[in-house]
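**Student:** Sequence first, then the predicted structure:
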Amino acid sequence: MEPKEIAEIIRDRYPAEVKEIKEFRGQVSVIVKKDRIKEIMKYLHDAPELYFDYIEDLCGVDYLGRKEPRFEVVYHLYSIRHRHIIRIKAEVPEDDCAIDSVTDIWAGANWHERECYDLFGIAFNGHPDLRRILLPEDWEGHPLRKDYPLKADLGEMEWKGYKEVLETAKRNKQYEA
């Protein structure tokens, strides 16, 4: 089945939830409201004619200053049985920066949701272990947000662990040849 056909099936089943269907260079994206994302994903997984049994990827996007809602969670789904694909984009507003977890549909979403939480600050309701996965637990902020400081010397905002590494390196300088 072609992605455009799949997108139309989704729109027919969830007309109030589908905001837009976009096609760019042969790739189709279905933009949906976040409120019923779990129900939509469960349908895509369970419907025999679709059977999206594999989540290829899940990632976040920050559109700061470009569009509202500010964030999106993007799901790339694949059906091994039918060999078809679809991209679902769920809009997530900054003032309610959370969406339902899909880890009980695809166990493979676990790591991706944690990464998205860690780097963008998008929470996943119902996630079994939502905590940082790439950055230290005491890291402040979410570095893939567009408003995260890029400056190297952050002063008091600098991660405490980085300061400790610099001090240790300074002390150990005496042992260099």
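**Tutor:** That came through fine. Not measured: the values here are computed from a predicted model.
**Student:** And the strands in the protein?
**Tutor:** Ranges of strands in the chain, per DSSP state E, are 18-24, 27-33, 54-62, 71-79, 84-92, 98-100, 123-125.
**Student:** Which one, of those, ends up nearest to residue 167?
**Tutor:** Minimum separation from residue 167 across the strands of the chain (Cβ to Cβ) falls at strand 54-62, 33.0 Å. In this view, the C-beta of every residue, glycine as well, is placed from N, C-alpha and C.
**Student:** Name every strand pairing with the closest one and say which way it goes.
**Tutor:** Paired with strand 54-62 in the same sheet, following DSSP bridges, are strand 71-79 (antiparallel).
**Student:** contacts for the strand it pairs with?
**Tutor:** 29, 31, 34, 37, 41, 44, 50-63, 84-94, 97, 99, 102, 116, 120, 122 (Cβ atoms under 8 Å, 6 or more residues apart in numbering).
**Student:** again, 6 Å this time
**Tutor:** 51-52, 54-62, 85-92, 99, 122 (Cβ atoms under 6 Å, 6 or more residues apart in numbering).
**Student:** ok and that strand relative to strand 84-92, angle-wise?
**Tutor:** 160 degrees (axes from the mean of the first three to the mean of the last three Cα atoms, to 10 degrees).
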